[in-house]
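Trainee: sequence and computational prediction follow.
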Amino acid sequence: MIDFHLLFFDDFKYHHLNVDYMESFKMRLNFGILKRQKSPIPGFGLTMGYTVFYLSIIVIIPLIALFTEAFSLGWQAFIDATTNARVIASYKLTFFTSLIAALVNTFFGLIVAWCLVRYTFWGKRIFDAIVDLPFALPTAVSGIALTTLYSSQGWFGQYLEPLGIKIVFTPIGITIALIFIGLPFVVRTIQPALEEIQIEQEEASASLGASRWQTFYKVILPTIFPSVLTGFALSFARALGEYGSVVFIAGNMPFKTEISTLLIITKLEQYDYAGATAIAVVMLLISFVMLLLINMLQRWSSRRKGMEAI
């Protein structure tokens with residue numbers, strides 16, 4: 001027979017002990033008995049101070065100066081400078097081509113990373129080094145090379161233009177240039193994640209009757225999804241600020257192939273610093289919102305993966 005008096009007494013004692021422990025904890029905290037344990041590696045104050053100083057000099061102060069200069073125009077002048085038809089057209093072109101380039105890079109970057117990680121073939125190291133070529137090339141050299149290839153007399157352009165496909169001085173050319181400079185970000189982000197996946201997981205999935213597509217969708221993709229999102233975000237951010245490789249192949253025609261970074265450079269050459277910073281602020285805010293959404297999706301994916309593991 002259950003003795004409810006004992007149960008009640010045990011529950012009361014447990015609650016009483018918890019209350020006593022919390023009161024003792026608060027007293028020790030108030031009197032400073034609980035102190036942060038000293039790290040075996042000294043210099044927290046120095047390194048933290050250097051970190052704050054470095055971030056202030058490199059990131060925070062320039063951003064403050066950017067917003068200060070932009071809003072020195074006044075609210076109405078700021079609205080007029082950032083919402084006229086030419087600027088809106090450059091926003092649409094810049095974000096649309098950057099988004100398309102990032103999506104293409106994410107898809108093909110995953111394929112390239114998969115081949116470099118999972119297969120052994122002749123010339124693998126050469127192909128692995130070629131992936132980093134856009135990192136090594138100056139952006140102006142990349143733009144000149146792409147313009148030469150896709151012009152009407154170029155290696156590719158001479159066959160495409162008779163088919164009615166014009167690359168140079170069109171949004172298609174801008175997208176190709178952004179794909180070229182953004183691919184390494186995706187490959188180098190996904191590659192380490194694929195290397196951490198053990199072959200035994202795929203073999204176990206196949207032994208349980210899963211098809212290749214089910215194994216990829218249920219086993220591999222959830223593991224590398226945060227890395228895929230990171231690669232997409234890096235490629236997208238890189239494309240938004242690109243100038244050197246785009247300016248040659250774009251043609252820079254207002255309302256057609258004029259990107260926002262070129263418009264900013266044009267205003268700087270005209271000594272219109274406030275107008276240039278106003279356009280930059282709008283691009284910065286839109287980019288920040290989009291990257292914030294990507295980061296939230298990445299955290300949600302990581303949290304969901306952790307819950308499924310439990």
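Mentor: Received the coordinates, thanks.
Trainee: give the contact list for the residue most central in space within the chain.
Mentor: The centre of the chain sits closest to Ala233, judged by CA atoms, centre = their mean, with a distance of 2.2 Å. Taking CB atoms under 8 Å, 6 or more residues apart in numbering, we find Ala233 in contact with 291, 294-295, 298. The C-beta positions use only the backbone N, C-alpha and C, and glycine is treated the same way.
Trainee: element containing it, please.
Mentor: helix 221-240 (DSSP states H and E).
Trainee: which is the next helix or strand following that helix?
Mentor: That would be, after helix 221-240 and using DSSP H and E, helix 244-250.
Trainee: for that next one, the distance to its chain's centre please.
Mentor: Its chain's average C-alpha position is 22 Å from that of helix 244-250, according to CA atoms, centre = their mean, to the nearest Å.
Trainee: pLDDT of whichever strand or helix holds Cys115, averaged?
Mentor: Assessed by DSSP H and E, Cys115 sits inside helix 85-118. Mean pLDDT, helix 85-118: 91.
Trainee: so for the helix or strand just after that helix, what gets flagged as buried?
Mentor: Per DSSP H and E, the first helix or strand lying C-terminal to helix 85-118 is helix 124-131. Within helix 124-131, the residues that count as buried by 16 or more other CB atoms under 10 Å are Val131.
Trainee: contacts for helix 124-131?
Mentor: If you take CB under 8 Å, 6+ apart as the criterion, helix 124-131 is touched by 112, 116, 183-184, 187-188.
Trainee: which of those lies closest to Ala206?
Mentor: Relative to Ala206, the closest of these is Leu116; by CB to CB it sits at 22.4 Å.
Trainee: burial measure for the closest one, as a count.
Mentor: 20 (other CB atoms under 10 Å).
Trainee: what pLDDT, on average, does stretch 197-213 get?
Mentor: The model assigns stretch 197-213 a mean pLDDT of 79.
Trainee: that one: end-to-end distance?
Mentor: Between the opening and closing residues of stretch 197-213 lies a distance of 16 Å (CA to CA, to the nearest Å).
Trainee: what about the residue nearest to the centre of the chain, distance to Phe108?
Mentor: In this view, Ala233 and Phe108 are 17 Å apart by CB to CB, to the nearest Å.
Trainee: where does this protein dip in pLDDT?
Mentor: For the chain, applying pLDDT under 70 flags the ranges 1-44, 301-302, 304-310.
Trainee: again, only using 80
Mentor: For the chain, applying pLDDT under 80 flags the ranges 1-47, 198-203, 206, 209-212, 294-295, 297-310.
Trainee: can you give me the distance of Leu178 to Gln153?
Mentor: Leu178 is 24 Å from Gln153, by CB to CB.
Trainee: dump the residue contacts of Ile174.
Mentor: 93, 97, 246, 249-250, 257, 259.
Trainee: cutoff 6 Å now
Mentor: Shown in contact with Ile174 (CB atoms under 6 Å, 6 or more residues apart in numbering): 97, 246, 250.
Trainee: return a PyMOL selection command for the buried portion of those residues.
Mentor: Filtering the contacts of Ile174 down to the buried ones (16+ other CB under 10 Å) takes a single PyMOL command:
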select buried, resi 97+246+250
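Trainee: now the contacts of Ile174 in JSON lines, with distance to Phe71?
Mentor: Below are the contacts of Ile174 laid out as JSON lines (distance: CB to CB, whole Å):
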{"residue": "Thr97", "distance to Phe71": "29"}
{"residue": "Val246", "distance to Phe71": "28"}
{"residue": "Ala250", "distance to Phe71": "30"}
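Trainee: which one of the contacts of Ile174 sits closest to Arg212?
Mentor: Checking the contacts of Ile174 against Arg212 with CB to CB, the nearest one is Thr97 at 33.6 Å.
Trainee: from the middle of its chain, how far away would stretch 81-94 be?
Mentor: For stretch 81-94, the distance to the chain centre is 23 Å (CA atoms, centre = their mean).
Trainee: got the contact list for that stretch?
Mentor: So stretch 81-94 is contacted by 254-255, 258-260, 263, 275, 278, 282 (CB under 6 Å, 6+ apart).
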